[in-house]
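**Student:** The following block contains a protein sequence and its predicted model.
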Amino acid sequence: MGAVAVVVMATMQQVKVNFMSSVDARDLWSIGQLAERSGTAPSAIRYYEARGLLTATRSAGNQRRYPRSTLRRLGFIRAAQRVGLSLDEIADALATLPAERTPTKRDWQRLSRHWQGRVEEQIDRLERLRDRLDSCIGCGCLSLRRCALSNPGDELATDGPGAVHLEPGS
């Protein structure tokens, strides 16, 4: 191949790369397509958009269109929710990324380091639940308010609302 052909091919590749870096209409998905592919309800996708976690463009008919990269962003949101992060915390994490960029593996590693303590707390809470669940159900009353064994006279009311035995430090 001559030098001219190599220059022409290199130029064509550069043009192709530049063209592909802009959003192609074929890479824009409807909310239904995104919902089906991601397993996320359309109502949740709209909610995430309203919260600023996702963005969409609008078609000429005013229908939402999402770039294909939104699929990875949704995966990030769902994984962060499974860790126990609130949507505000997820929004803060996504705000550390350049505008509209999909989180990369390196981004996930950096952000997830901050969430490891939360995961450990969840594990501790679940282990306490596992270890104490049979003692409550074992008495048959299923009520800590009236249980003469686990909570006589509702003594735990002074510790606050909810299942205080399952909270950290109990």
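**Tutor:** Arrived safely, thanks for sending.

**Student:** list the helices and strands the particular helix or strand that has Ser112 in it packs on?
**Tutor:** Under DSSP states H and E, the secondary-structure element containing Ser112 is helix 105-113. Identification of packing neighbours for helix 105-113 by 3 or more C-beta pairs under 8 Å, 6 or more residues apart in numbering; DSSP states H and E yields helix 70-83. Quick note: C-beta positions are derived from backbone N, CA and C, even for glycine.

**Student:** re earlier: so for the helix holding Ser112, what gets flagged as buried?
**Tutor:** Neighbour counts using 16 or more other C-beta atoms under 10 Å place Asp107, Trp108, Leu111 of helix 105-113 among the buried residues.

**Student:** Repeat that for stretch 79-93.
**Tutor:** Judged by neighbour count using 16+ other C-beta under 10 Å, the buried positions of stretch 79-93 are Ala80, Leu85, Glu89, Ile90, Ala93.

**Student:** thinking again about what came up before, closest one to Arg101 out of the buried residues of helix 105-113, please.
**Tutor:** Distance ranking of these against Arg101, using C-beta to C-beta, places Asp107 first at 8.3 Å.

**Student:** Give me the pLDDT for the closest one.
**Tutor:** What the model reports as pLDDT for Asp107 is 86.

**Student:** try Ile90
**Tutor:** In the predicted model, Ile90 carries a pLDDT score of 91.

**Student:** What lies in contact with the helix holding Ser112?
**Tutor:** By C-beta atoms under 8 Å, 6 or more residues apart in numbering, the surrounding residues in contact with helix 105-113 are Phe76, Ala79, Ala80, Val83, Ala93, Thr96, Leu97, Pro103.

**Student:** Give me the next element, helix or strand, following it.
**Tutor:** helix 116-139.

**Student:** quick one on the thing from earlier: with the contacts of helix 105-113 in mind, which one is nearest to Gln122?
**Tutor:** Set against Gln122, the nearest of those by C-beta to C-beta is Val83 (7.8 Å).

**Student:** what about that closest one, distance to Arg118?
**Tutor:** Distance, Val83 to Arg118, by C-beta to C-beta, to the nearest Å: 6 Å.

**Student:** what does Leu34 give?
**Tutor:** Distance from Leu34 to Arg118, counting by C-beta to C-beta: 28 Å.
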